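Chemist: pasted the sequence and its predicted model underneath.
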Amino acid sequence: MNSIFFKFLFLLSFIPFLLLSNKKKDIQAIKGMCGCMDIKFQFAETFSPDKEYKFYENYNSGGRELAFVVEETKDKIVIQHLLVVGKEMVIKHWRQDWIYQTESMLSYDKEERWVKKNYNREETKGKWIQKVYQVDDSPRYEGMGSWVHVDGKSYWESTTDAPLPRREYSKRKDYNVLSRRNRHNITDFGWVHEQDNLKILRGENIKLIAEEKGKNTYVKVGMEKCEPAIKWWDKNQNFWSIVRKNWDNYFEENEIISFHKSVNKQPMFNGFFALGKKYEGLNNVSEKQYKEINDEINNHISSFIKP
């Protein structure tokens, strides 16, 4: 009996080392999503419980994107994505934060409303929360899961609710929640984002409108092809760093987050991009400048908050 007990204790002693080893592999996989990438976006509706439902046309698009780490600590990796359009044009794109074993995340409800959900340490042990943000660093969706490393493959999965995707944000009124099953596969050429999505109308009851399959393929190309994005970020990183800090403070202080889609027919990102242009090339920010920029950002966010 004592022999079995001591063997059990011996095995338990290895768990922290296994978690640490896996965490290093996790970080390597997360950073595998960085680089200059050519992207192909493919989406197709597949099923609907409504026999009269008319399926929308398949969505196919593409582009080039630079993804890179802008912030890293022991348990957090922040990856910024920038779109490269043509030879010179650069547009700030989405952002993803990866947080290890955190104890809270935002859960999307509907109509631009998120609710903070808390977890205990056991529920998040060994797991990463991916926080996905809009182009203006406002929230989009957050999901939790474990990275899996087996047979030379690395992948991460989660299921979570989200607002309508950008490709249907202004076109569809028949559903208000996208329930997403995300799978990130790291490959030798880059990575693949697979999606199995449910388009849901959430009100007093929940109604499934249609199911959808998505596949975003990211193929690494030479970094010289993203040179305009590297130069753009050099001139704009200080402003967007202040934006991130402002949002982080807002998320920390509020249990419920809710926004208007637009104010005076203008979406939130328009104001942020205008401020970004105003403060482009900002270096060595003084305390006075920081307060001025912070106040402008805070006022802009406040104008979109629902009472």
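Modeler: Structure received.
Chemist: what's the distance between the residue nearest the centre of the chain and Glu45?
Modeler: By Cα atoms, centre = their mean, the chain has its centre lying nearest to Val132, at 1.6 Å. According to Cβ to Cβ, to the nearest Å, Val132 and Glu45 sit 22 Å apart. Every residue, glycine included, has its C-beta placed from N, CA and C.
Chemist: coming back round to it: what's the nearest residue to the residue nearest to the centre of the chain if we skip its chain neighbours?
Modeler: Arg140 (4.5 Å; Cβ to Cβ, 6 or more residues apart in numbering).
Chemist: tell me the pLDDT at the one you found?
Modeler: Per-residue confidence (pLDDT) for Arg140: 96.
Chemist: my guess is it contacts Asp161. True?
Modeler: No - assessed by Cβ atoms under 8 Å, Arg140 is found out of contact with Asp161, at 10.9 Å.
Chemist: so what sits against both of those two?
Modeler: Shared contacts of Arg140 and Asp161 (Cβ atoms under 8 Å, 6 or more residues apart in numbering): none.
Chemist: chain neighbours aside, what residue packs nearest to Val90?
Modeler: If the residues on either side of it in the chain are set aside, Val90 comes closest to Trp232, at 3.9 Å by Cβ to Cβ, 6+ apart.
Chemist: run the chain-centre distance for the helix or strand in which that neighbour is found.
Modeler: Assigned by DSSP states H and E, Trp232 belongs to helix 227-253. Relative to its parent chain, helix 227-253 has a centroid offset of 15 Å by Cα atoms, centre = their mean, to the nearest Å.
Chemist: ok so, going back, run a quick neighbour tally on the residue nearest to Val132.
Modeler: 20 (other Cβ atoms under 10 Å).
Chemist: ok, it - contacts?
Modeler: The contact partners of Arg140, by Cβ under 8 Å, 6+ apart, come to 94, 132-134, 162-163.
Chemist: that one in helix, strand or coil?
Modeler: Classification of Arg140 by DSSP: H, G, I helix; E, B strand; the rest coil places it in strand.
Chemist: go on, Asp26?
Modeler: Three-state call for Asp26 (three-state DSSP): helix.
Chemist: and if you look at Cys36?
Modeler: Cys36 is classified as strand under three-state DSSP.
Chemist: quick check: the residue lying closest to it once chain neighbours are set aside vs Lys306, distance?
Modeler: Once flanking residues are discounted, Cys36 sits nearest to Cys226: 3.7 Å by Cβ to Cβ, 6+ apart. Look at Cys226 and Lys306: by Cβ to Cβ, they are 38 Å apart.
Chemist: neighbour count: the two, which is higher?
Modeler: More neighbours surround Cys226 than the other of Cys226 and Lys306, with 23 against 11 (other Cβ under 10 Å).
Chemist: name all residues that make contact with the more buried one.
Modeler: 36, 64-66, 82, 84.
Chemist: try 6 Å this time
Modeler: For Cys226, the contacting residues are 36, 66, 84, by Cβ atoms under 6 Å, 6 or more residues apart in numbering.
Chemist: the helix or strand harbouring Ile91 vs helix 227-253, what angle?
Modeler: If you go by DSSP H and E, Ile91 is part of strand 89-100. For strand 89-100 against helix 227-253, the angle by axes from the mean of the first three to the mean of the last three Cα atoms, to 10 degrees is 40 degrees.
Chemist: great, nothing more from me.
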